[in-house]
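Student: no sequence for this one, just the structure:
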């Protein structure tokens, strides 16, 4: 199912997933596409059940971080896409990604899925010898960890901006 993000993050954002949060603001009476610096909300969530949601996530991050330093934009995209891809390949649904920013200069990316007991093995993959390096790369640009609940797991990463 394709969910349009129009009315929240701009007219040209479409993809799979449902977005929650706010992302358009008024400037001088006109509605504009938002960036991180002018969003009234501090958190945006995207349901991510199919690989096509990665395109929506990519566009969402580009829009939110348009005013951010290039290094942060690149690192945030890498981290978010990697964590969501891991969830899509290795975990059960439901899945969602949340991007939150704080006044303290931290950007938080959290991916929730329905596989609380799944073991994360940085540097190794059950899918092949040339796979499994994603969390190692994430660890090179962000602090990351795992929170486990009874029915869910959240893999999170924090970047400084």
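Tutor: Sure thing, it's come through. Because the structure is predicted, anything quoted here is derived from the model rather than measured.
Student: helices or strands up against the helix or strand harbouring residue 80?
Tutor: Assigned by DSSP states H and E, residue 80 belongs to helix 70-90. Counting by 3 or more C-beta pairs under 8 Å, 6 or more residues apart in numbering; DSSP states H and E, the packing neighbours recorded for helix 70-90 are helix 53-64, strand 96-101, strand 106-113, helix 134-141, strand 153-160. No exception for glycine: its C-beta is placed from N, CA and C like everyone else's.
Student: now the last one: mean pLDDT?
Tutor: Average pLDDT, strand 153-160: 95.
Student: In contact with the closest residue to residue 87 other than its chain neighbours, which residues are there?
Tutor: In space, and not counting its chain neighbours, residue 87 is closest to residue 113: 4.5 Å by C-beta to C-beta, 6 or more residues apart in numbering. By C-beta atoms under 8 Å, 6 or more residues apart in numbering, residue 113 lies in contact with 87, 91, 92, 93, 94, 95, 152, 153, 154, 155.
Student: same question, residue 137
Tutor: Applying C-beta under 8 Å, 6+ apart, the residues near residue 137 are 78, 82.
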